[in-house]
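*Asks:* give me a model of this one.
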Amino acid sequence: MTENRNMILAIALSLAVLLGWQYFVAGPQLEKTRIAQEASQQQAAPKPGEAAPAAGNNAAGGTATGEAPTVGVNATSAFVSRDEALAKSPRVPIDTPELTGSISLAGARIDDLSLKLYRETIAPNSPLVTLLNPFGTDHAYYAEFGFMAPAGAGLALPGADTVWTAPEGARLTPSTPVTLTWDNGAGLTFTREISVDDHVMFTVKDGIANAAGTAATVYPYGLVTRYGTPQVPGTWVLHEGLLGVFGDEGLTETTYKNLKDSEGVKSAPVTSGWLGITDKYWATALIPEGGTAFTPRFSWAPAGDIDTYQANYLRDPLEIAPGATVATETRLFAGAKTVARVDAYERQLGIVKFDRLIDWGWFYWITKPMFLLIDWLYNLVGNFGIAILLVTLIVKAVFFPLANKSYASMSKMKLLQPAMADIKAKYPDDKVKQQQETMELYKREKINPLAGCLPIVVQIPVFFSLYKVLYVTIEMRHAPFFGWIHDLSAADPTTIFNLFGLIPWMPPHFLMLGIWPIIMGVTMFVQMKLNPTPPDPTQAMLFTWMPVIFTFMMAAFPAGLVIYWSWNNTLSILQQSLIMKKNGVKIELFENLKGTFARKPKAG
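*Replies:* Here you go, the predicted model:
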């Protein structure tokens, strides 16, 4: 029994470290991140005295150096508000079932994008989530495409400040692509056809017609640039920053901090893959046309007082003979990372490992199937909370034989307690002999002393995978349950310290102890009290206070996870009680509860 309790104690302490990190570190950081993100959604006013981006890339249209152009800086200008930046250049509107925004004809950038299906908060009149922001603001975030020339070529190429020509009344929709044109005045005519599907995938086809008498060579590039370091929680559970898949190298990730501290991340030329910048729920990714070699790179650069981050690629050169036309194509993903849509793009477009755009983590093999099961059940019942409860039942059913054997073993061990007490009485001062005789007793009765830990051990990967699903998948964002739970991915918004809303006062973060965490704590307490109180006073105190500690810790976790654990505890209580009764073991729940709260006699 001692080994059993020590194993449970070790597992409990490991979980306590995880939960403690979430409650005391990640939880407060997430709250700060939420506040910062809400503030960043406000229209930025001009900030006198701050450095600002230049009118365009200082390297655009320049010479190829093996790298795509980086951001230019004009330290004498001030950043402007989003509305002012949008008004500075002519634009082509974007209107799809899922996106709204515009393309800047200056640089032909895709730099104004909001997501029609997602709002900042659960309030129905909350502003739409804004993904991309125009150049000129201190939170600029955009995609850009262009060309570079070999050293000494002297070619006039379109740059970041080049104003392209669009047809009158042009409007980008899924059924109406937009073709932009620019003539360099020296025989090269550039066309850029931009199309978009019904969801969040753009296709950018660049063509160059050479009417000059000499051949020309250009290096196509694409980039996604972000000004300013986003507020991220910095938790190991989720990656936010730059990422990509470069050929056969697999997934490459780097955080904003690591990129700033390094000299950048550069891959050897590859012929397949993708790269971009990801947030928790949204991403912007470039997918160069397969079959043509390109060199991907992540980079950081200062723009005055603002850090800038960039994911870019530089293609192998295109040779344009006199009278010839060449073309190159890139796709741009810009939107919400919904699992079904990301998976569909991977299958339909042949994008290698595109599903890794969603951070499934090291336990991909269990986390993604867990989501797919929950999502399938959701499509049947129409509520993610109910789907989580059904998943718990399924998991219980799958592991029922194992749990049944484990609880049966625990029940038999309880029947052996008198014999174990006799062993301790027979060898009171010989711990080694006690252990030997106890193990012989287990062997004779064919009992595995560690079997009782198996239900807890099995629950750990399920717990983690569900936590990951609730934390990273956008499908869980703002998904309601019943009653006061309007967002399963957020913590229970109620707290006992204002009588669950009856008192008009909002306690500080560490006092947010909602109804569901309390239910979880009560079920955990009852489950532990099904077993007799450990004879060791330290263990007894630990097992008594552990549900209280976990109650406060779980208060900061997503409500969906707390509901899962409460339901799982309830099923475990019923299962263990039935098995104990079947094995003739007395259920000592009320006796143990009475002993816990009974007044202890004074010593002496």
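*Asks:* how about residue 270, nearest residue that isn't a chain neighbour?
*Replies:* On the basis of CB to CB, 6 or more residues apart in numbering, the spatially nearest residue to residue 270 that is not a chain neighbour turns out to be residue 247, at 3.4 Å. Any C-beta I mention is one placed from the backbone N, CA and C, and that applies to glycine too.
*Asks:* touching, the one you found and residue 288? I think so.
*Replies:* No: Residue 247 lies out of contact with residue 288 (CB atoms under 8 Å); the separation is 11.3 Å.
*Asks:* who's in contact with the spatially most central residue of the chain?
*Replies:* The structure's the chain has its C-alpha centroid closest to residue 472; by CA atoms, centre = their mean the separation is 3.3 Å. Taking CB atoms under 8 Å, 6 or more residues apart in numbering as the contact definition, residue 472 lies against 237, 238, 280, 358, 359, 360, 361.
*Asks:* isn't there a strand covering the fifth one?
*Replies:* I take that to be residue 359. No: assessed by DSSP: H, G, I helix; E, B strand; the rest coil, residue 359 does not belong to a strand; its assignment is coil.
*Asks:* mind checking pLDDT for it?
*Replies:* At residue 359 the predicted local distance difference test score is 93.
*Asks:* burial of it, as a residue count?
*Replies:* Here the number of neighbours of residue 359 (other CB atoms under 10 Å) works out to 21.
*Asks:* now residue 232: phi and psi?
*Replies:* Per-residue torsions, residue 232: phi -120, psi 150 (degrees, to the nearest 10).
*Asks:* what's the nearest residue to it if we skip its chain neighbours?
*Replies:* Setting aside the residues directly before and after it, residue 232 is nearest to residue 240 in space (CB to CB, 6+ apart), at 4.4 Å.
*Asks:* now the contacts of residue 472 in a markdown table, with distance to residue 350?
*Replies:* What follows is the contacts of residue 472, written out as a markdown table (distance: CB to CB, whole Å):
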| residue | distance to residue 350 |
| --- | --- |
| 237 | 30 |
| 238 | 27 |
| 280 | 27 |
| 358 | 18 |
| 359 | 22 |
| 360 | 20 |
| 361 | 25 |
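*Asks:* let me see the confidence value for residue 202.
*Replies:* According to the model, residue 202 scores 98 on pLDDT.
*Asks:* list the helices and strands whichever helix or strand residue 296 is part of packs on?
*Replies:* Per DSSP states H and E, residue 296 falls inside strand 294-303. Here strand 294-303 is seen to pack against strand 241-246, helix 256-261, strand 265-266, strand 273-278, strand 306-315 when contacts are counted using 3 or more CB pairs under 8 Å, 6 or more residues apart in numbering; DSSP states H and E.
*Asks:* in CSV, list these along with mean neighbour count.
*Replies:* Formatted as CSV, the helices and strands packed on strand 294-303 follow (neighbours: other CB atoms under 10 Å):
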stretch, mean neighbour count
strand 241-246, 25
helix 256-261, 16
strand 265-266, 16
strand 273-278, 24
strand 306-315, 23
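*Asks:* these: lowest mean pLDDT?
*Replies:* Among the helices and strands packed on strand 294-303, strand 265-266 carries the lowest mean pLDDT, at a mean of 88.
*Asks:* that one packs against which elements?
*Replies:* strand 294-303.
*Asks:* relative to strand 306-315, how tilted is the strand it packs on?
*Replies:* Between the axes of strand 294-303 and strand 306-315, defined by axes from the mean of the first three to the mean of the last three CA atoms, to 10 degrees, the angle is 160 degrees.
*Asks:* mind listing what's buried in strand 294-303?
*Replies:* Judged by neighbour count (16 or more other CB atoms under 10 Å), strand 294-303 contains these buried residues: 294, 295, 296, 297, 298, 299, 300, 301, 303.
*Asks:* ok, now stretch 363-378?
*Replies:* Counting neighbours by 16+ other CB under 10 Å, stretch 363-378 gives 364, 366, 367, 368, 370, 371, 373, 374, 375, 377, 378 as buried.
*Asks:* what strand or helix carries the last one?
*Replies:* Just to be clear, that refers to residue 378. Mapping residue 378 onto the secondary structure by DSSP H and E places it in helix 364-381.
*Asks:* can you name the next helix or strand after that helix?
*Replies:* The helix or strand immediately downstream of helix 364-381 is helix 384-398, counting by DSSP H and E.
*Asks:* pLDDT of that next one, averaged?
*Replies:* The average pLDDT within helix 384-398 is 91.
*Asks:* the helix holding residue 378 vs helix 384-398, what angle?
*Replies:* Going by the same axes, to 10 degrees, helix 364-381 makes 120 degrees with helix 384-398.
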